[in-house]
Structure formats: structure tokens, C-alpha cells
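Trainee: generate a structure from the sequence data that follows.
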Amino acid sequence: MTLFRGTFLDTPDDPFTGGALRADSDHALLVEDGVMTARGPYAELRGNHPGEEVLDLTGGLVLPGFVDAHVHFPQVRVIGALGLPLLDWLERCALPEEARMAQASYAAAVATDFVRGLASAGTTSALVFGAHFAPAVDALFTEAARVGLRVTSGLVVSDRLLRPELHTTPERAHAESLALAARWHDIGRSRYAVIPRFSLSCSDDLLAACAAVVDEVPGAMVTSHVNENPREISTVGELFEGSSYVETYARHRLVGPRTVLAHNVHPTDPELRLLADLHAGVAHCPTSNAALGSGLFPMARHLAHGVRVALGSDVGAGTGFSLLKEGLQAYFGQQLLGELGHPLTAAHLLHLATAAGAEALGTATQVGDLSVGKRFDAQWLCPAEGSALEVGLAHAEDPAEALARAFALGTPADVRAVWVDGDLVSPAQTDREPDEQLAAVAG
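Mentor: Numbering: from 1, shown residues only. Prediction:
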């Protein structure tokens, strides 16, 4: 057992429905076998457990591990390709890189970069767009398991309108997906997701094959893209004889409680009602939407219809792995919408980056906040002395102001340590031994 001492911030009660930020200074969490078994003032818990090891995390903020609801594994090396709208960016930047995943050694190297990027940013769980090649998906799961992150991912499938080497057939997609799921689904911290790239590049036959995989893999997630770009939406309507984008998935039973669709920048009201009725989630990807000029996310309309919203980095159209940056960009976007936006506080941003993501991924009973009974997935933000964030935290009047400054000023460089299931994950040096990492943090 270990006592973690520090300032703990989380949102077990949803601020979008009236909940408030939970902030406890000089408190402690008792962690046993990866589970938080007690929470309270440090002096009280120390008195009850005088012989347990103490890890002193004062001097910063302890937050739940971030949950990234939409991020692309093959695109980590093309982050920062600015100046293009979605379909042009895919053709010139993303898809050529995704084709390189056919080379197993290249895919393994990218997997190392990708998983390190997640951990360095304080992300402990992620719903990951995998690759179009099964061996590359194996490489991702292998690296995530080695480092210790919670990753839900799978084979990305398409059978039209992309580079030919990225195309598959319904039969092959079905067979390769089932084989991957047999190797990885519910093994350790890994889970399988069925991933049609987007209905623009998927025929009805391929979407039907995806539905068959969902039927045959109990508990599998479904993720894809929806309503990101007006040109994309128009083409989908032409390909599917006037069906709405959401309907192209729903008619194949691919929209439900275990579905997360990314973007949804330009939804119709009937689509929002359908998403709410089927209890699907949406991953809001603010920096990607800004970088590609896709538009401002209509959060208020999603919330009014009862659609669940989480936060995604959308690497590599998104401009990095940090959900601190995504939260800040989400705030900017809602401010720019004026009366059509939903005003966001720091508590809202933390919820979007943690508990909302856990709910979307179906893991809210295990992770997403720092409550007793849940797994200890957490991060310690502890900025360098003299940095802007260190100065800001030192002069914050209350925890809510400190959290706002963390979103405004924080970067992966401020993430000093990350834990999953109580196990320390080195944020930047994943080749270090756990005991060495723990000593570095405690020191």
C-alpha cells in the first residue's frame, strides 16, 4: 500500500449538470493493488496508516489521468502540417504516412513514438484509430501493453476513394478484425474497437462487415468520423443517396452506447436526436477543427439534445497530445461562438478530459476521477521552478483558479509523473525501470 499526498482535483459530479470541482489540499489517497481504498486529510490517513510508504506530491496538482477519446496512431509524425482543409490534408499528408504502416519495422517505431506521446501528456486511456494493416495494429497494442496504458483500438477499414494500398474487402476486414480481437480484446488493459475510417471511404457491404464484427466480439467499441467538413458531408450524401452522415452508420447498427464518433462539427438536429436516442458519444477535437478550418463545435446543441461529449486530441491534424491544450482550445471555441456557445469553466474542461472520456469509453466505473473504489490512474502536474505555470499556481487564489492556469499554461513538460492502476509510467523515458522512476518522483 502507498499513501499519495498532495492537492487532488477531479470532477466526480458532472459540472455540465450542476456538479462542482472537487478540490482537496494536503489530502491523501491510499492505494492498494491499484485501487484507491481511502481518501481524506493527510494527517488523518497517516495516523491510520503509520507504516505505509508515503509519496509526497505536494507542490503541484494531482489530476486523474486524461482520457483521449479520438487520436490517430499512424499520424504522430505528421503533426503540424498546417494550411489545408480536411480532404486535401488527408491526401497530401495523412494517407501517405498511413500507407507506410505496411512496413512492420516502421510501424513499430511509430508505435513507440505514439505511446510515448500519450504518456508524456498525462493520458492514461485512449480510444485510438489504429492502422489499415493488421501487423501495425499488433505493434500498437504491443507497445501500449509494454508501457502500461489503457488502449482501445483496432483495424481501420476502407474499400473506396483512398489510396489503393489502404483498401480492403468486406471479407478480409471481417477476418483480420476477428483475429486481432482474439489476440487483444480484454487482454490486460487492451480492448478492441471496430473502425470504419468514415462512411465516405466505406461501402454498405464493408459497414455490414463491421457490424458483424461488433456482433461477434462482445464489448467491442465502435469509432469513426462524422460531419467534420462540408465537402465531406456533401459527398457522403451523394454516395448514400441522401442519407444523413449519422444514418449511414446507424442503419448498420454501428451507433450505440459503445460508439464514439469524432468531430460532428456540422450536425443536423435529427442527427443529434438520433445520437442521443442511441446513447452514442461524440469526441470533440478542438485544435484539429481549428487547424483544418473545419468550424466551431456546437457544444450547446449537443448538450441540449443530451448527446454525450468527450475530448480528443485527433493527432495528427490536432496539434499535439496534450488535453490541456485541447481543453483550452475548446474554451476558445465556445467563447468565439458567443451566445451560441456553451460557457466553459476549468471544471468543465477537466471533466471533458477525464470523466467524460471514461464515460464515453465505458470505463467510468473504473477510472475518470479519484474516488475510493476506482483504479488509480493519475498524473502529477509539477512545473519547473520559475516557469509561468509555477508562478501562476503559486499565486492562484483557489483551486479552480489554479486549474484554469494549468489549462492555460500547462504542457507535457509539466507532467512530472503518470500512474495507471497504481503503477508508475514514466512520461518521457519509458525504458526506465519502475523503481528508478519512483525514486526520481519521490526525490
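
Trainee: isn't there a helix covering Gly318?
Mentor: No - according to DSSP: H, G, I helix; E, B strand; the rest coil, Gly318 belongs to no helix; its state is coil.

Trainee: how is Lys325 assigned, secondary-structure-wise?
Mentor: Lys325 ends up helix, using three-state DSSP.

Trainee: who touches it in this structure?
Mentor: 287, 319, 411 (CB atoms under 8 Å, 6 or more residues apart in numbering). C-beta: built from backbone N, CA, C; applies to glycine.

Trainee: which of those has the largest number of neighbours?
Mentor: Thr287 (24 neighbours; other CB atoms under 10 Å).

Trainee: what pLDDT, on average, does the helix or strand encompassing it get?
Mentor: Using DSSP states H and E, Thr287 maps to helix 286-291. In this model, helix 286-291 has a mean pLDDT of 97.

Trainee: cool, stretch 380-395 as well?
Mentor: Rounded mean pLDDT across stretch 380-395 is 96.

Trainee: do the same with stretch 53-64
Mentor: Rounded mean pLDDT across stretch 53-64 is 96.

Trainee: contacting residues around the longest strand along the chain?
Mentor: In the chain, taking DSSP state E as the definition, the longest strand is strand 22-32. If you take CB under 8 Å, 6+ apart as the criterion, strand 22-32 is touched by 1-13, 36-43, 45-46, 49, 52, 54, 58, 369-370, 376, 398-400, 403, 422.

Trainee: let's see 7 Å
Mentor: Residues external to strand 22-32 that are found in contact with it (CB atoms under 7 Å, 6 or more residues apart in numbering): 1-5, 7-12, 36-42, 45-46, 49, 370, 376, 399, 422.

Trainee: for stretch 237-249, same thing?
Mentor: Against stretch 237-249 from outside (CB under 7 Å, 6+ apart): 199-200, 224, 226-227, 233, 236, 255, 268, 270-271, 274-275.

Trainee: again, only this time at 6 Å
Mentor: 199, 226-227, 233, 236, 255, 271, 274 (CB atoms under 6 Å, 6 or more residues apart in numbering).

Trainee: wait, which of the residues you listed is closest to Val217?
Mentor: Of all the contacts of stretch 237-249, Val255 has the smallest distance to Val217: 16.8 Å, by CB to CB.

Trainee: hey, where'd the helices end up in the stretch 151-300 of the chain?
Mentor: 170-184, 204-216, 230-239, 245-250, 269-277, 286-291, 299-305 (DSSP state H, counting those that start in this stretch).

Trainee: buried residues in the last one, which are they?
Mentor: Within helix 299-305, the residues that qualify as buried by neighbour count (16 or more other CB atoms under 10 Å) are 299, 301-302, 305.

Trainee: next one: the third one
Mentor: Neighbour-count burial for helix 230-239 flags 232-233, 236, 239 (criterion: 16+ other CB under 10 Å).

Trainee: just those residues now: which is nearest Gly357?
Mentor: Once CB to CB is applied, the member of the buried residues of helix 230-239 that ends up nearest Gly357 is Glu232, at 24.5 Å.

Trainee: next up, the contacts around Ala209.
Mentor: 170, 173-174.

Trainee: how far away is it from Gly219?
Mentor: Note on Ala209: its distance to Gly219, by CB to CB, to the nearest Å, is 19 Å.

Trainee: before we move on, what about Ser243?
Mentor: 28 Å.

Trainee: more neighbours: which of the two?
Mentor: Neighbours per residue (other CB under 10 Å) separate Ser243 from Gly219, with Ser243 holding more: 15 against 12.

Trainee: related to what we said a few turns ago, any chance of the buried residues of helix 230-239 in a markdown table with distance to Ala353 as columns?
Mentor: Formatted as a markdown table, the buried residues of helix 230-239 follow (distance: CB to CB, whole Å):
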| residue | distance to Ala353 |
| --- | --- |
| Glu232 | 26 |
| Ile233 | 27 |
| Val236 | 29 |
| Leu239 | 34 |
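
Trainee: three-state assignment of the residue nearest to Ala413 when sequence neighbours are not counted?
Mentor: Excluding its sequence neighbours, the residue lying closest to Ala413 (CB to CB, 6 or more residues apart in numbering) is Ala384, at 7.4 Å. Following three-state DSSP, the label given to Ala384 is coil.

Trainee: burial count for Ala384?
Mentor: For Ala384, using other CB under 10 Å, the count is 11.

Trainee: which residues does stretch 368-376 contact?
Mentor: 8, 10, 12, 31, 34, 36, 39, 64, 354-355, 358, 366-367, 419, 421-422.

Trainee: center of the protein, which residue is that?
Mentor: Asp68 (0.8 Å; CA atoms, centre = their mean).

Trainee: right, and it touches Ala126 too?
Mentor: Yes - counting by CB atoms under 6 Å, Asp68 does reach Ala126; the two are 4.2 Å apart.

Trainee: any idea how far the nearest residue to His167 once chain neighbours are set aside is from Ala173?
Mentor: Excluding its sequence neighbours, the residue lying closest to His167 (CB to CB, 6+ apart) is Asp159, at 5.2 Å. With the distance defined as CB to CB, Asp159 ends up 8 Å from Ala173.

Trainee: tell me which of these two has more neighbours.
Mentor: Neighbour count, other CB under 10 Å: between Asp159 and Ala173, Ala173 has more, with 27 against 21.

Trainee: what is the burial count for Gly59?
Mentor: 15.

Trainee: which SS state does it fall under?
Mentor: With three-state DSSP as the basis, Gly59 sits in coil.

Trainee: wait, the residue nearest to His167 touches Asp205, no?
Mentor: No - using CB under 6 Å as the test, Asp159 is too far from Asp205 to be in contact (7.7 Å).

Trainee: turn the contacts of stretch 237-249 into JSON lines, columns for pLDDT and distance to Val110.
Mentor: As requested, the contacts of stretch 237-249 are arranged in JSON lines below (pLDDT from 0 to 100; distance: CB to CB, whole Å):
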{"residue": "Ser199", "pLDDT": "98", "distance to Val110": "26"}
{"residue": "Val226", "pLDDT": "98", "distance to Val110": "26"}
{"residue": "Asn227", "pLDDT": "98", "distance to Val110": "28"}
{"residue": "Ile233", "pLDDT": "98", "distance to Val110": "30"}
{"residue": "Val236", "pLDDT": "98", "distance to Val110": "29"}
{"residue": "Val255", "pLDDT": "98", "distance to Val110": "30"}
{"residue": "Glu271", "pLDDT": "98", "distance to Val110": "34"}
{"residue": "Leu274", "pLDDT": "98", "distance to Val110": "36"}
